[in-house]
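K.L.:
what's the 3D shape of this:
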Amino acid sequence: MADVAAQHTHDLLIVGAGPVGLALALALKDAGLDIVLADARPRAAVCDDPRDLALAHGSRLTLQTLGVWDALSATPIEHIHISQQGGLGRTLIDAAEHDLPALGYVASAGALAAALRAAVDAAGIPVLDETEVANLAPGSDDVIASLAAPGRPPATLRARLAACAEGGLRAGDPNVVEHDYRQHALIAQVAVAGGHRGTAFERFTREGPLALLPKGEGYALVHVVRPDSADALLALDDEAYLAHLQAHVGSRVQLSGVGRRLRYPLLLRYRESAVGTRTVWLGNAAQTLHPVAGQGFNLALRDVWALADTLLRHCDESARAASTASSTSPSASTSPCDLGAPAVLAAYARSRGLDRLGTIRFTDTLVRVFSNDFAPLRHARGAALLALDVFPPLRNFVARRMMFGARAWP
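P.N.:
Numbering: from 1, shown residues only. Take a look at the predicted model:
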């Protein structure tokens, strides 16, 4: 590995072969670029990710363009019922209002990674599994990655650009804003009597949101509570926990069983700038969002698509400039397409500023406004939900933002 990696400079190193990194590689597969991915995990670990993803309609369009949608088993969300516990007001968002087959879809993160990996392998893009990128040293012309793999000597790899799409942000990272919501999310698969009928439920409680997302024949549960409540709820047996859920959901749906529960702490962390010297951060390496609006992966996929578009445009411009130079001066030397040039990364950052920060703030505001029992806010929330239900243009604005981002992309 050491000799091969050091022989030349790659166009792009993608750190992380999860859904975000794989999607970027696939978006660039026909560009003639020298791309390599590295992931610290074994391939099987990536494809066995137990979490579920809420995929917005815009994300479906992207995955269709990437050619992996048909290989993915995804459950459509045709209706979203939003309400708050202990207060008036509710709203119903319906796909038919927007002339769409579904507002979004629910799919396994592991299954999505497997479909993307199969497509990347078919495209012949190399992936270095079980290879940790221990350090990135950006310079004026390239970035040098230090690689570590079990049973192999340390190696280095050079690339014009490093796209970091692996792992989450750590406390103390430079240029990082952090807020601890003091909430934990319990996730599980929940069975339902009579079927889900394509309806997702978002129920705001005093401790945080409770979401039931249709998946297969049942629901994927995201239950947000305080850390001490998470301790108590994990200690309950399945029957007692199911009764607790039913009391929060009410009579709208009849839950009939619950699977193994997993627990995740919830933080807001994001880089003020997602670009650096010959480096760009994507997905959880750029921002970690609260799951209240299901926007984390959808935002990441919009970032991926915009980055790929920016890089492809730059390569086209470089090719035209080289062609012009060679026609006017056959002896003129031409430079390769430099994906990590400062102007390229600046153009990408400008294209994503509104949607990225808008989605971060939108999600954070929802958490702060709905995760409390302050009486005036409870009444205001009820009025807001009622307004969404009564005024279709307002409901349409919110729905399109959820499906396509702050710019109603695409």
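K.L.:
quick one, helices of the protein?
P.N.:
Listed in chain order, the helices of the chain (DSSP state H) span 2-6, 19-27, 43-47, 57-65, 109-122, 227-235, 238-249, 296-328, 342-370, 375-390, 392-404.
K.L.:
List the residues that contact the nearest residue to Leu312 once chain neighbours are set aside.
P.N.:
Leaving aside its chain neighbours, Leu312 sits nearest to Ala31 (5.8 Å; criterion: C-beta to C-beta, 6 or more residues apart in numbering). In this view, the C-beta of every residue, glycine as well, is placed from N, C-alpha and C. Residues counted as contacts of Ala31 (C-beta atoms under 8 Å, 6 or more residues apart in numbering) are Leu311, Leu312, Cys315.
K.L.:
give me the low-pLDDT residue ranges for the stretch 51-200 of the chain?
P.N.:
For the stretch 51-200 of the chain, residues meeting the criterion pLDDT under 70 lie at 86-89, 170-172.
K.L.:
hang on, the earlier thing: turn the contacts of Ala31 into JSON lines, including pLDDT, neighbour count and distance to Glu97.
P.N.:
As requested, the contacts of Ala31 are exported to JSON lines (pLDDT from 0 to 100; neighbours: other C-beta atoms under 10 Å; distance: C-beta to C-beta, whole Å):
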{"residue": "Leu311", "pLDDT": "97", "neighbour count": "27", "distance to Glu97": "36"}
{"residue": "Leu312", "pLDDT": "96", "neighbour count": "17", "distance to Glu97": "35"}
{"residue": "Cys315", "pLDDT": "92", "neighbour count": "20", "distance to Glu97": "40"}
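K.L.:
ok, of the residues you listed, which one's closest to His57?
P.N.:
Leu312 (23.6 Å; C-beta to C-beta).
K.L.:
Lys29 is in contact with the closest one, correct?
P.N.:
No - counting by C-beta atoms under 8 Å, Leu312 sits too far from Lys29 to count as a contact (11.2 Å).
K.L.:
which secondary structure elements does the lengthiest strand in the chain contact?
P.N.:
Determined from DSSP state E, the single longest strand within the chain is strand 176-192. If you count contacts as 3 or more C-beta pairs under 8 Å, 6 or more residues apart in numbering; DSSP states H and E, strand 176-192 packs onto strand 218-225, helix 227-235, strand 255-258, strand 262-271, helix 342-370.
K.L.:
If you average pLDDT over each of these, which is lowest?
P.N.:
For the helices and strands packed on strand 176-192, mean pLDDT drops lowest on helix 342-370, to a mean of 90.
K.L.:
And that helix, what's buried?
P.N.:
Across helix 342-370, burial judged by 16 or more other C-beta atoms under 10 Å covers 344-345, 347-349, 351-352, 355-356, 359-360, 362-364, 366-367, 370.
K.L.:
which other helices and strands contact it?
P.N.:
Applying 3+ C-beta pairs under 8 Å, 6+ apart, one finds that helix 342-370 contacts strand 176-192, strand 262-271, strand 275-276, helix 296-328, helix 375-390.
K.L.:
nearest to Leu12, of these?
P.N.:
So among the helices and strands packed on helix 342-370, helix 296-328 is nearest, using C-beta to C-beta, at 7.8 Å.
K.L.:
coming back round to it: a markdown table please, covering the helices and strands packed on strand 176-192 and showing distance to Glu130.
P.N.:
Below are these laid out as a markdown table (distance: least, C-beta to C-beta, whole Å):
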| stretch | distance to Glu130 |
| --- | --- |
| strand 218-225 | 29 |
| helix 227-235 | 32 |
| strand 255-258 | 34 |
| strand 262-271 | 24 |
| helix 342-370 | 29 |
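K.L.:
so which of those comes closest to Leu161?
P.N.:
Closest to Leu161 of the helices and strands packed on strand 176-192 is helix 342-370 (C-beta to C-beta; 7.9 Å).
K.L.:
Tell me how far that closest one lies from the chain's centre.
P.N.:
13 Å (C-alpha atoms, centre = their mean, to the nearest Å).
K.L.:
and if you look at stretch 118-136?
P.N.:
That offset, for stretch 118-136, works out to 19 Å (C-alpha atoms, centre = their mean).
K.L.:
go on, stretch 189-202?
P.N.:
That offset, for stretch 189-202, works out to 23 Å (C-alpha atoms, centre = their mean).
K.L.:
residues of that stretch that come out buried?
P.N.:
Those would be Gln189, Val190, Val192, His196, Gly198, Thr199, Ala200, Phe201, Glu202, for stretch 189-202 by 16+ other C-beta under 10 Å.
K.L.:
re earlier: nearest to Gly167, of the helices and strands packed on strand 176-192?
P.N.:
Among these, strand 262-271 sits nearest to Gly167 (C-beta to C-beta), with 11.6 Å.
K.L.:
and the closest one, which residues are buried?
P.N.:
Leu266, Leu267, Leu268, Arg269, Tyr270, Arg271.
K.L.:
So which other helices or strands are in contact with that strand?
P.N.:
Against strand 262-271 (3+ C-beta pairs under 8 Å, 6+ apart) you get strand 176-192, helix 227-235, strand 287-288, helix 342-370.
K.L.:
so the last one versus strand 218-225, what angle?
P.N.:
Interaxial angle of helix 342-370 relative to strand 218-225 (axes from the mean of the first three to the mean of the last three C-alpha atoms, to 10 degrees): 80 degrees.
K.L.:
Check the second one too.
P.N.:
Note on geometry: by the same axes, to 10 degrees, helix 227-235 and strand 218-225 are set 140 degrees apart in direction.
K.L.:
contacting residues for Leu33?
P.N.:
Asp11, Leu12, Leu311, Cys315, Cys337, Leu339.
K.L.:
no no, Arg252
P.N.:
His81, Phe201.
K.L.:
Could you give the number of residues near the closest residue to Val344 other than its chain neighbours?
P.N.:
Spatially, and ignoring its direct neighbours in sequence, Val344 is nearest to His314 (4.9 Å; C-beta to C-beta, 6+ apart). Counted with other C-beta atoms under 10 Å, the neighbours of His314 add up to 19.
K.L.:
how close does His314 get to Ala162?
P.N.:
From His314 over to Ala162 the distance is 16 Å, taken as C-beta to C-beta, to the nearest Å.
K.L.:
do His184 as well
P.N.:
Going from His184 to Ala162 by C-beta to C-beta gives 33 Å.
K.L.:
higher neighbour count, those two?
P.N.:
Neighbour count, other C-beta under 10 Å: between His184 and Ala162, Ala162 has more, with 28 against 22.
K.L.:
and the gap between that one and Ala96?
P.N.:
In terms of C-beta to C-beta, Ala162 sits 44 Å off from Ala96.
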